[in-house]
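Chemist: Model the following, please.
(one chain, ligands or ions: 2)
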Amino acid sequence: MKGLFITFEGPEGAGKTTVLQEIVKKLKSEEIPAQYTREPGGIKIAEEIRQVILNKENTEMDSRTEALLYAAARRQHLIEKVIPLLEKGEIVLCDRFVDSSLAYQGYARGLGIDEVFSINQFAIHDVMPDLTFYFDLSPEKGLERIGKNNSREVNRLDLEGLHFHKKVQQGYKIINDRFKNRVKIIDADRALENVIDEVYSVLKSFMKR
Ligand SMILES: Nc1ncnc2c1ncn2[C@@H]1O[C@H](COP(=O)(O)OP(=O)(O)OP(=O)(O)O)[C@@H](O)[C@H]1O
Ligand SMILES: Cc1cn([C@H]2C[C@H](O)[C@@H](COP(=O)(O)O)O2)c(=O)[nH]c1=O
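Modeler: Ligands and ions are numbered 1, 2, ... in the order given. Take a look at the predicted model:
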């Protein structure tokens with residue numbers, strides 16, 4: 001595929017969405033074709049699956065069901081949106097991808113990183129990101145940031161306790177190590193402008209490689 005698939009990962013409230021949208025604006029201002037998208041979501045069917053997964057009332061959802069729903073949303077999003085854009089040569093910047101499933105469902109929910117990767121292989125068919133930005137921020141600070149954001153709707157995963165979010169962070173450490181060739185760790189505990197500047201500079205260098 002001709003385009004570039006760039007993913008943004010990290011804990012809740014780390015600043016991924018805010019930075020990602022600024023990066024897309026910067027790329028477009030240089031007339032570089034780039035698209036923002038997100039998981040779970042990005043297209044109608046996957047947005048509908050997102051509503052089911054993140055609905056606060058679905059407290060009875062089984063962990064394997066949760067993992068399969070994320071993988072189903074991922075499959076449809078890849079087929080309908082991501083792969084066609086990559087084939088057109090665009091830069092696709094995606095808010096979360098398979099590493100989220102490995103950290104949240106594989107490690108924090110205890111389903112096993114390898115097991116969750118295996119069900120995702122069925123969904124992604126070896127389509128993996130070219131580059132992943134991991135936004136490094138403590139779960140305490142991330143949850144504090146989203147707590148201050150009144151416009152953000154609290155979802156089912158946000159409501160998990162700090163213990164769960166600490167496990168997510170531990171899971172990401174394992175995954176970042178496993179995929180160190182494609183993961184760039186970004187210190188997200190800085191002024192927003194500094195985070196944007198670093199991500200943009202790493203991305204521009206990557207595009208020239
Ligand atoms: N570097 C920063 N310093 C302080 N506040 C920030 C910074 N980056 C983002 N924020 C604020 O933190 C909140 C969460 O940001 P954002 O929604 O971008 O995070 P996220 O990583 O996408 O979170 P989630 O995965 O939970 O959706 C927002 O209110 C945003 O304005
Ligand atoms: C893709 C994906 C996401 N999650 C979790 C991570 C977040 O808690 C929510 C998504 O909300 P956001 O505001 O869009 O970040 O879902 C997950 O557990 N597994 C996944 O594969």
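Chemist: Torsion angles phi and psi at the residue lying closest to Asn155 once chain neighbours are set aside?
Modeler: Counting by CB to CB, 6 or more residues apart in numbering, Asn155 lies nearest to Leu54, which is 3.9 Å off, once chain neighbours are set aside. C-beta coordinates here come from the backbone N, C-alpha and C atoms, glycine included. When read as degrees, to the nearest 10, the backbone of Leu54 gives phi -90, psi 0.
Chemist: Contact partners for Leu54?
Modeler: Pro40, Asn155, Arg156, Leu157 (CB atoms under 8 Å, 6 or more residues apart in numbering).
Chemist: how about CSV for these, with secondary structure, distance to ligand 1 and neighbour count added?
Modeler: Shown next, in CSV, are the contacts of Leu54 (DSSP: H, G, I helix; E, B strand; the rest coil; distance: CB to the nearest ligand atom, whole Å; neighbours: other CB atoms under 10 Å):
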residue, secondary structure, distance to ligand 1, neighbour count
Pro40, coil, 12, 24
Asn155, coil, 8, 15
Arg156, coil, 12, 16
Leu157, coil, 8, 17
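Chemist: of all those, which comes closest to ligand 2?
Modeler: Nearest to ligand 2, judged by CB to the nearest ligand atom, of the contacts of Leu54 is Leu157 at 3.2 Å.
Chemist: What separation is there between the nearest residue to the closest one once chain neighbours are set aside and Pro40?
Modeler: The shortest distance from Leu157 to any non-neighbouring residue, by CB to CB, 6+ apart, is to Leu54 (6.5 Å). When distance is defined by CB to CB, to the nearest Å, Leu54 is 8 Å away from Pro40.
Chemist: Would you double-check that Ser205 falls in a helix?
Modeler: Yes. With DSSP: H, G, I helix; E, B strand; the rest coil as the criterion, Ser205 is assigned to a helix.
Chemist: distance of the residue of the chain found nearest ligand 1 from Leu159?
Modeler: Proximity of the chain to ligand 1 (CB to the nearest ligand atom) peaks at Gly15, 2.9 Å away. The spacing between Gly15 and Leu159, counted by CB to CB, is 21 Å.
Chemist: Quick one: residues contacting the spatially most central residue of the chain.
Modeler: Among the residues of the chain, the one closest to the centroid is Arg96, at 1.0 Å (CA atoms, centre = their mean). By CB under 8 Å, 6+ apart, the contact set of Arg96 is Thr7, Phe8, Glu9, Lys16, Arg38, Glu39, Pro40.
Chemist: In JSON lines, list the residues you listed along with secondary structure, distance to Lys141 and pLDDT.
Modeler: As requested, the contacts of Arg96 are exported to JSON lines (DSSP: H, G, I helix; E, B strand; the rest coil; distance: CB to CB, whole Å; pLDDT from 0 to 100):
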{"residue": "Thr7", "secondary structure": "strand", "distance to Lys141": "22", "pLDDT": "98"}
{"residue": "Phe8", "secondary structure": "strand", "distance to Lys141": "17", "pLDDT": "98"}
{"residue": "Glu9", "secondary structure": "strand", "distance to Lys141": "16", "pLDDT": "98"}
{"residue": "Lys16", "secondary structure": "helix", "distance to Lys141": "14", "pLDDT": "98"}
{"residue": "Arg38", "secondary structure": "strand", "distance to Lys141": "22", "pLDDT": "98"}
{"residue": "Glu39", "secondary structure": "coil", "distance to Lys141": "23", "pLDDT": "98"}
{"residue": "Pro40", "secondary structure": "coil", "distance to Lys141": "24", "pLDDT": "98"}
